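Engineer: For reference, the sequence and a predicted model appear below.
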Amino acid sequence: MSLHGKVIIVTGAAQGIGRATCLQLASLGAKVVVTDYENEMTIQSVASEIIAVGGEALAASADARSKEHMEHLVAVVKNTFGRIDALICYSNGSVTASTFAELAWEQFEQQLTDELKSAFESTKAVIPTMIAQQFGRIIYVSSTEGKDPAPQHIAFGTAKGGLDTFARYIAQEFGPYGISANIVAPGFVKADASFMISEEESRMIGSFTPLGRIAEPEDVAGVIAFLASDSARFLTGTYTPVTGGLVME
C-alpha cells in the first residue's frame, strides 16, 4: 500500500490518533499537513519528526471549526503542494461527561458544535478543490458511542452519531465527483484524550475484547491510511469500528 505523493490534511493532529495518523501516512509516502488549534509547538514537533526521517510535512495551526481558518489553510496547502488528495477529520476535544438529568443545554450544544462544525467547515473548505480534481478522500474519525451508548456520554455520543450521518450524506452527494467519504469508529484507545482510563481499566476491557487488548493509536491510524489509499477506491459511506472485535458490524 502506497500513498506516495498524496497531499493529506489531518486535523486534530497534535496527539493520540491524530499524531499517529500523520506518522503512518508519512511512512507511506504522503505529504502530510499537520494541523491543530492552540497546539502549535506540538504540531511543529510532529512535522519535524516526519521531516527528520525524510518525509514531507507542513505544520499549520488552524481551528477546524472556523470557516476563515480552514479556507486560509486550504490556500496555503494548495500554494505549497498544488493539490489536496485527502482530509482526515478528527475532533480531539474533551468529552462532556454527564447524565442527561444534570446536563445543561449549553454543554450539549458545545459538544455538538465542536464535533459537527469542525466536520462541516473542514469539508466545506476542501470540497471545491476535490471537485476540480475529480478526486478526493475524506475520512471522519467517529466513535462506536455514536451507535452504542455509554453512561454519561450522551453529548459525545449524540455528536458522533450526527457525524456518522453527515459523512454518509457527503458520500452520497460527492461520489459522482470521484470523492469518497468514510467513517472510522474507534472504541477505547490508549493515549486518547477522549477516554482517560487507568491501566487496570485498560486490562479489564482488553480481557473481554476478542483480540485481547484495547487499541493503540497506531491501530486506528492503519485503518485511516488504508481508506486514504487507492486500495479503498471503491469504498464510500462505510462505517468501520476499530475495537478488536468488542463491537462488530
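Structural biologist: That came through, no problem.
Engineer: measure stretch 110-123 end to end?
Structural biologist: This stretch, stretch 110-123, spans 19 Å end to end (C-alpha to C-alpha, to the nearest Å).
Engineer: Next, the buried residues of it.
Structural biologist: Gln111, Leu112, Asp114, Glu115, Leu116, Lys117, Ser118, Ala119, Phe120, Glu121, Ser122, Thr123 (16 or more other C-beta atoms under 10 Å). The way it works is simple: take the backbone N, C-alpha and C, and place the C-beta from them, glycine included.
Engineer: Now tabulate these in CSV and tack on distance to Ser45, secondary structure and pLDDT.
Structural biologist: Below are these laid out as CSV (distance: C-beta to C-beta, whole Å; DSSP: H, G, I helix; E, B strand; the rest coil; pLDDT from 0 to 100):
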residue, distance to Ser45, secondary structure, pLDDT
Gln111, 28, helix, 95
Leu112, 31, helix, 96
Asp114, 24, helix, 94
Glu115, 26, helix, 95
Leu116, 29, helix, 97
Lys117, 27, helix, 97
Ser118, 22, helix, 96
Ala119, 26, helix, 98
Phe120, 29, helix, 98
Glu121, 25, helix, 98
Ser122, 22, helix, 98
Thr123, 27, helix, 98
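Engineer: for those, which one is nearest Leu28?
Structural biologist: Ser122 (21.7 Å; C-beta to C-beta).
Engineer: which residues does the nearest residue to that closest one once chain neighbours are set aside contact?
Structural biologist: The shortest distance from Ser122 to any non-neighbouring residue, by C-beta to C-beta, 6 or more residues apart in numbering, is to Ala64 (4.7 Å). Shown in contact with Ala64 (C-beta atoms under 8 Å, 6 or more residues apart in numbering): Thr11, Gly12, Thr35, Tyr37, Met70, Cys89, Ser91, Lys117, Ser118, Ala119, Glu121, Ser122.
Engineer: and those, which two are the farthest apart?
Structural biologist: It's Thr35 and Lys117 that sit farthest apart of the contacts of Ala64, by C-beta to C-beta, at 15.5 Å.
Engineer: Just say helix, strand or coil for the residue nearest to Ser122.
Structural biologist: Three-state assignment for Ala64 (DSSP: H, G, I helix; E, B strand; the rest coil): coil.
Engineer: Phi and psi next, for it.
Structural biologist: Backbone torsions for Ala64, taken as degrees, to the nearest 10, come to phi -60, psi -20.
Engineer: same deal with Ala30?
Structural biologist: Torsion angles, degrees, to the nearest 10, at Ala30: phi -80, psi 150.
Engineer: Could you do the one 4 residues further on as well?
Structural biologist: Listed backbone geometry of Val34 is phi -90, psi 110, with angles given as degrees, to the nearest 10.
Engineer: Average pLDDT for the longest strand anywhere in the chain, rounded please.
Structural biologist: As assigned by DSSP state E, the longest strand anywhere in the chain is strand 179-186. Averaged across strand 179-186, pLDDT comes to 98.
Engineer: next one: stretch 60-69
Structural biologist: 96.
Engineer: Quick one: distance of that stretch to the chain centre.
Structural biologist: 15 Å (C-alpha atoms, centre = their mean, to the nearest Å).
Engineer: how long is it from one end to the other?
Structural biologist: End residues of stretch 60-69 are separated by 10 Å (C-alpha to C-alpha).
Engineer: Tell me, how many residues neighbour Ala30?
Structural biologist: 27 (other C-beta atoms under 10 Å).
Engineer: same question but for Gly54, I mixed them up
Structural biologist: 7.
Engineer: so what pLDDT did it get?
Structural biologist: In this model, Gly54 carries a pLDDT of 96.
Engineer: helix or strand for the residue nearest to Glu249 when sequence neighbours are not counted, which one?
Structural biologist: In this structure, Glu249 finds its nearest non-sequential neighbour in Pro241, 5.9 Å apart by C-beta to C-beta, 6+ apart. According to DSSP states H and E, Pro241 maps onto strand 239-242.
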